[in-house]
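K.L.:
Next input, structure requested:
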Amino acid sequence: MLNITKNKLHTSVDISNYKSSKRVFHKTNYETFNRFLIAFAIIIFVILFLPWTQNISSTGSVTTLRLDQRPQTVQSPIPGRIEKWFVQEGDFVKKGDTILFISEIKNEYLDPKLMERTGQQIKAKSMSVTSYQEKIKALNNQISSLEKERVLKLEQAKNKLIQSNLKVKSDSIDYEAAKTNINVAQLQYDRTVTLQNEGLKALTDVEEKRMKLQENLAKLISQENKLLASKNEILNAALEINRIKAAYTDKISKAQSEMFTAQSNQYDSEAQVTKLENAYVNYEKRNSFYYIKASQNGYINKAIRAGIGETFKEGEQLVGIMPTDYQLAVETFVNPIDLPLIHIGEKVRIQFDGWPAIVFSGWPNASFGTFGGKVVAIENFISNNGKFRILLAPDKQDEQPWPNAIRVGSGAKTLALLDNVPIWFEIWRKLNGFPPNYYQPKNSDSKSKK
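P.N.:
As a prediction, the model looks like this:
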């Protein structure tokens, strides 16, 4: 009651005579209560010095340790239309089993005889390459023949030039002999005229010498004419050599030009053959894409694109598949402030959804229903949720293995075990809002010292 008056109740009313007051205000009750308080205080004091394991709690989900063991989707590398399904959701498929059959929807691949016609084009272009090769051989033979003929013609022209030079020498000698003969004839004529004037020679002798002089003079002119003709033949022989060189150079150059043109056409045809062969292989490979096959052993989870006649683009997801052989792991997320406290190989306690557990965060050994794990990977870049991703694998040193009934994608709660501290220190840290102790595991300390 509130003291709203100065009159005191215990001075005017004696309550010690009542049974209830005798039970409450008895001295033995005070002694028992005091003992209880003392014992409770001692227990609390002892508890404050008990060891407490600092931890970081977070939530995550079950995944697989290796990337190729996680749920995957099967895509088509080409666009198409669904024609037939060979599986149902929940079916088990082996690697290479056909899941569905698709048909082509692009205009350039709709021809059912596309590969056959492409093969015919390859044969035609290959024959064209062969024809150009034969033409090149024929032109090479023609060039060889022209070169040999040029050599022979040049030898013939050079021989003629030598003959002309020799003839010039012969005609020069004859010309000099004619000049000597005319000098001799002139002397004989003069001597005969002198003797005729002295009466020692007859007139007929003078006329005979004159005739002989005229004949020698005619021979001199004729021999000079032959000498000039021989010199002209030298010039003609030299001109013939140049003409032969020019003519055969023109013929050989024309044949070489045709050969280079044939080679260019051959290379172009070979490039077209290679391109067609590449297209043929691509068409053949594309035909194999019409049958969508399983990439590994697993179960069909869900048909993302269902129905018959439904079209899709290249790279679009068609069906989901879950591998059968996998190693479980847990992915969890921690706050950036707690990231320096997590290390590779650090032990973590995990509670899976659906498994009953009694968890004492500070006393992991006293917890029930939790399973051991260790950190195998720490993400170096922050996730979209503003936290860092941590990957946990089963701890082989833990006596209790993970349950076999766990499925990928189920939820999990994790407790990353940190340093051991007294309970009073942990209460003081919580009241002040300090983070857990920053420490390095013993393994990392020894490695750093080494």
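K.L.:
Quick one: the helices in the stretch 301-450 of the chain, in order.
P.N.:
423-432, 442-449 (DSSP state H, counting those that start in this stretch).
K.L.:
weakest of those by average pLDDT?
P.N.:
Ranked by mean pLDDT, the helices of the stretch 301-450 of the chain bottom out at helix 442-449, with a mean of 46.
K.L.:
Hmm, Gln263 is touching Leu139, no?
P.N.:
No. Using C-beta atoms under 8 Å as the test, Gln263 is too far from Leu139 to be in contact (9.3 Å). (Each C-beta comes from the backbone N, C-alpha and C, glycine too.)
K.L.:
Among those two, which residue is more densely surrounded?
P.N.:
Ranked by neighbour count (other C-beta atoms under 10 Å), Gln263 and Leu139 place Leu139 first, with 20 against 15.
K.L.:
Doesn't that one belong to a helix?
P.N.:
Yes. Leu139: assigned to a helix according to DSSP: H, G, I helix; E, B strand; the rest coil.
K.L.:
Next, the contact list for Ser172, please.
P.N.:
Taking C-beta atoms under 8 Å, 6 or more residues apart in numbering as the criterion, Ser172 is in contact with Leu227.
K.L.:
Look up the pLDDT of it for me, please.
P.N.:
Per-residue confidence (pLDDT) for Ser172: 86.
K.L.:
got the contact list for stretch 183-201?
P.N.:
Residues contacting stretch 183-201 (C-beta under 8 Å, 6+ apart): 202-203, 205-206, 209-210, 212-213, 215-217.
K.L.:
Please check the residues you listed and keep the buried ones.
P.N.:
By neighbour count, with 16 or more other C-beta atoms under 10 Å, those hold 205-206, 209, 212-213, 216 as buried.
K.L.:
Can you give me the domain boundaries for the protein?
P.N.:
What automatic domain parsing lists as the domains of the chain is 51-69+326-449, 72-104+290-323, 114-288.
K.L.:
quick one, which of these is nearest to Phe40?
P.N.:
The closest of those to Phe40 is domain 51-69+326-449. By C-beta to C-beta, the value is 15.6 Å.
K.L.:
Identify the residues contacting the nearest residue to Ala177 once chain neighbours are set aside.
P.N.:
Spatially, and ignoring its direct neighbours in sequence, Ala177 is nearest to Gln223 (7.8 Å; C-beta to C-beta, 6 or more residues apart in numbering). For Gln223, the contact set (C-beta under 8 Å, 6+ apart) comprises 171, 174-175, 177-178.
K.L.:
on that earlier part again, tabulate the contacts of stretch 183-201 (a markdown table), appending secondary structure.
P.N.:
Below are these laid out as a markdown table (three-state DSSP):
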| residue | secondary structure |
| --- | --- |
| Ala202 | coil |
| Leu203 | helix |
| Asp205 | helix |
| Val206 | helix |
| Lys209 | helix |
| Arg210 | helix |
| Lys212 | helix |
| Leu213 | helix |
| Glu215 | helix |
| Asn216 | helix |
| Leu217 | helix |
